[in-house]
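K.L.:
whatever this is, show me its structure:
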Amino acid sequence: MYIDTTLLSRAQFGFTIGFHILFPTLNIGLAIFLSCMEALWLKTKNPVYLTICKFWTKIFALTFGMGVVSGIVMSYELGTNFGPFILAVGSVLGSLFAYEVLSAFFLEAGFLGVMLFGWNKVGKKLHFCATLFVTIGTIISAFWIMSANSWMQTPAGYHIEAGRYVVDNWWAVIFNPAFVPRFLHMLMASMVTCCFVVAGVSAWYLLENRGLAIAKKCFSLVMGAALILTFAQVLLGDRVGLEVQQYQPLKTAAMEGLWHTTKGAPLVLFGIPDSKTETNRYALAIPKGASFINTHHWNGELIGLTSVPADQRPLVSNVFFSFRVMVGIGFLMLAMAVYALWLRWHKQLFTKSWFLHLCVWTTPLGFISTIAGWLTAEYGRQPWIVYGLMRTAQGASQVPMNQVLTSLILFIIVYGIVFSFYLVYLFKVIRKGPDDLAISADMSVDAQPPFTYMRAETK
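P.N.:
Residues are numbered from 1 along each chain as shown. You can find the predicted model right below:
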């Protein structure tokens, strides 16, 4: 791979947006979770739900701040590193980004203060409305960002004048062919990620015999939700795959490691794509599996990578492996949710030590899967920045390579420092735990410590 300004600009933007996406991914799911918990508190008057809300609101606030800080720089990067791209599509994407700020960010910022600091200052229902509006704001933000990104994947509703994209139909731009399934897929990914983060923290509390009523309530709720959400995510992933096959067949070919146009293409479970020989080494495949998954027909035809010149193909190995990481983690999460249902049936959900340890260790899997899915989508779009219309090299600014490299290194250092402080404070909040009901929760009838031997040993 030849290193030039375009590649470094892509690496810089990829790093910053990859860092940024971690925080909205958690916060979208957390906002929905907090809305549900506060609604349950208003309905049941159970103080456990109130304590859950106050504890996880701290983590939401911390993560929200990180999302804002890490997201600001990207708008500048687009202008400095991808000036020709912005000049060409600014009338399309600029409006979508503006709508995101005017509708979503203002809504979040307007009610976030009430959500964070209004517990004893406003009425219960008004506070719930503030939480609900913040949740709606996070969803609307994802709506506009996914609409903009999906338009780059499947552009629609435009015409070109003097090299610039002019909007003909805003409905076609916003609701472009890829948007709806990808938006729902992202929302589901955020909720699944949130489920496993809450499950991991709750499992740690169960192992530590702390705040047991709160930990049990959270663990039970999110593992039940995870069963529904992970299954729904599989169905949505299938819908996204059909859309990709229809509008971006070369991305499908890279995901499946398919080099030659084939009817009844095999599903390569594992292999090492070799671009030089245009084959997959050590391939383990299921006959006709890829055709069935991507077309829902056993003998459906899939276009191969060799149908276009090499310079029009995505980097096959990157797409191939990132796609398998995403899918593999997704099915692991589904398996864990199914096993949690089995444990619940046998009244062992809170007492199976090895499963609780597994939940703790798998806490970050949702983030990894989300990043892998994003890499699949973006690597698979290459070499196009607007699919089929503008190549990435055409959209990149020709700034000195050493300047891009220097700024990339600085971003890595600064973001590393900022993320370290975030993790330190995050773990501090988690270690402190939800203290408001710690005594009453531990003494509740249904909160019998499952691992009393741990406390005995420490004493």
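K.L.:
is the residue positioned nearest the centre of the chain part of a helix or strand, or is it coil?
P.N.:
Geometric centre of the chain, nearest residue: Thr370, 3.8 Å, by C-alpha atoms, centre = their mean. Secondary structure for Thr370, judged by DSSP: H, G, I helix; E, B strand; the rest coil, is helix.
K.L.:
tell me if I'm right that it and Ala189 touch.
P.N.:
Yes - counting by C-beta atoms under 8 Å, Ala189 is a contact partner of Thr370 at 5.1 Å. All C-beta spots, glycine's among them, are computed from the backbone N, C-alpha and C.
K.L.:
may I see the buried residues of the biggest helix by length in the chain?
P.N.:
Secondary structure of the chain per DSSP state H: the longest helix is helix 5-44. Residues 5-10, 12-13, 16-17, 19-38, 40-41 are the ones in helix 5-44 that count as buried (16 or more other C-beta atoms under 10 Å).
K.L.:
quick revisit: touching both of Thr370 and Ala189, which residues are there?
P.N.:
Thr25 (C-beta atoms under 8 Å, 6 or more residues apart in numbering).
K.L.:
which residue ranges of the stretch 251-400 of the chain form strands?
P.N.:
For the stretch 251-400 of the chain, applying DSSP state E, counting those that start in this stretch gives strands covering 262-263, 267-274, 279-286, 301-302, 384-386, 390-391.
K.L.:
any chance of these in a markdown table, with mean pLDDT too?
P.N.:
A markdown table is the format used below for those (pLDDT from 0 to 100):
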| stretch | mean pLDDT |
| --- | --- |
| strand 262-263 | 88 |
| strand 267-274 | 87 |
| strand 279-286 | 86 |
| strand 301-302 | 88 |
| strand 384-386 | 89 |
| strand 390-391 | 88 |
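K.L.:
mind putting the ones you listed into JSON lines with distance to Val114 and mean neighbour count?
P.N.:
Shown next, in JSON lines, are those (distance: least, C-beta to C-beta, whole Å; neighbours: other C-beta atoms under 10 Å):
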{"stretch": "strand 262-263", "distance to Val114": "57", "mean neighbour count": "16"}
{"stretch": "strand 267-274", "distance to Val114": "51", "mean neighbour count": "16"}
{"stretch": "strand 279-286", "distance to Val114": "53", "mean neighbour count": "13"}
{"stretch": "strand 301-302", "distance to Val114": "52", "mean neighbour count": "18"}
{"stretch": "strand 384-386", "distance to Val114": "40", "mean neighbour count": "22"}
{"stretch": "strand 390-391", "distance to Val114": "43", "mean neighbour count": "18"}
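K.L.:
so where is the stretch 351-459 of the chain shaky, pLDDT-wise?
P.N.:
435-459 (pLDDT under 70).
K.L.:
now the helices for it?
P.N.:
The residue ranges that make up the helices of the stretch 351-459 of the chain, judged by DSSP state H, counting those that start in this stretch, are 353-361, 365-381, 392-395, 401-432, 438-442, 452-458.
K.L.:
which elements pack onto the first one?
P.N.:
Using 3 or more C-beta pairs under 8 Å, 6 or more residues apart in numbering; DSSP states H and E as the contact criterion, the neighbours of helix 353-361 among helices and strands are helix 179-208, helix 316-345.
K.L.:
tell me which helix or strand comes right after the first one.
P.N.:
The C-terminal neighbour of helix 179-208 among helices and strands, as given by DSSP states H and E, is helix 212-247.
K.L.:
in that next one, what's buried?
P.N.:
212-227, 229-230, 233, 236-237, 240-245, 247.
K.L.:
what is that helix packed up against?
P.N.:
helix 47-81, helix 179-208, helix 249-256, helix 289-295, helix 316-345, helix 438-442.
K.L.:
of these, which is nearest Gly163?
P.N.:
helix 47-81 (17.7 Å; C-beta to C-beta).
K.L.:
before we move on, back to that, in CSV: the strands of the stretch 251-400 of the chain, plus distance to Tyr422.
P.N.:
CSV is the format used below for the strands of the stretch 251-400 of the chain (distance: least, C-beta to C-beta, whole Å):
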stretch, distance to Tyr422
strand 262-263, 47
strand 267-274, 36
strand 279-286, 40
strand 301-302, 43
strand 384-386, 31
strand 390-391, 36
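K.L.:
so which of those strands comes closest to Ala104?
P.N.:
Closest of the strands of the stretch 251-400 of the chain to Ala104 is strand 384-386, at 23.7 Å (criterion: C-beta to C-beta).
K.L.:
who does that closest one touch, helix- and strand-wise?
P.N.:
So strand 384-386, by 3+ C-beta pairs under 8 Å, 6+ apart, packs with helix 83-99, strand 390-391, helix 392-395.
K.L.:
go through those and name the closest to Pro155.
P.N.:
helix 83-99 (8.2 Å).
K.L.:
what's the closest of the strands of the stretch 251-400 of the chain to Leu315?
P.N.:
strand 267-274 (9.4 Å).
K.L.:
ends of stretch 288-305, what's the gap?
P.N.:
17 Å (C-alpha to C-alpha, to the nearest Å).
K.L.:
what residues of that stretch count as buried?
P.N.:
Judged by neighbour count (16+ other C-beta under 10 Å), stretch 288-305 contains these buried residues: 288-295, 300, 302-305.
K.L.:
what are the contacting residues of it?
P.N.:
Against stretch 288-305 from outside (C-beta under 8 Å, 6+ apart): 238, 241-242, 244-245, 249-250, 252-254, 256, 258-268, 278, 313, 316.
K.L.:
now for Tyr205, how many residues are close by?
P.N.:
22 (other C-beta atoms under 10 Å).
K.L.:
so what's the residue lying closest to it once chain neighbours are set aside up against?
P.N.:
In space, and not counting its chain neighbours, Tyr205 is closest to Ala215: 3.7 Å by C-beta to C-beta, 6 or more residues apart in numbering. Contacts for Ala215 (C-beta under 8 Å, 6+ apart) come out as Ser202, Ala203, Tyr205, Leu206.
K.L.:
max pairwise distance over those residues: which two?
P.N.:
Ala203 and Tyr205 (7.3 Å).
K.L.:
that older thread, max pairwise distance over the buried residues of stretch 288-305: which two?
P.N.:
Phe292 and Leu305 (19.8 Å).
K.L.:
circling back: ok, so what distance separates the residue nearest to Tyr205 from Thr306?
P.N.:
Distance, Ala215 to Thr306, by C-beta to C-beta, to the nearest Å: 54 Å.
K.L.:
also Pro266?
P.N.:
Pro266 is 16 Å from Thr306, by C-beta to C-beta.
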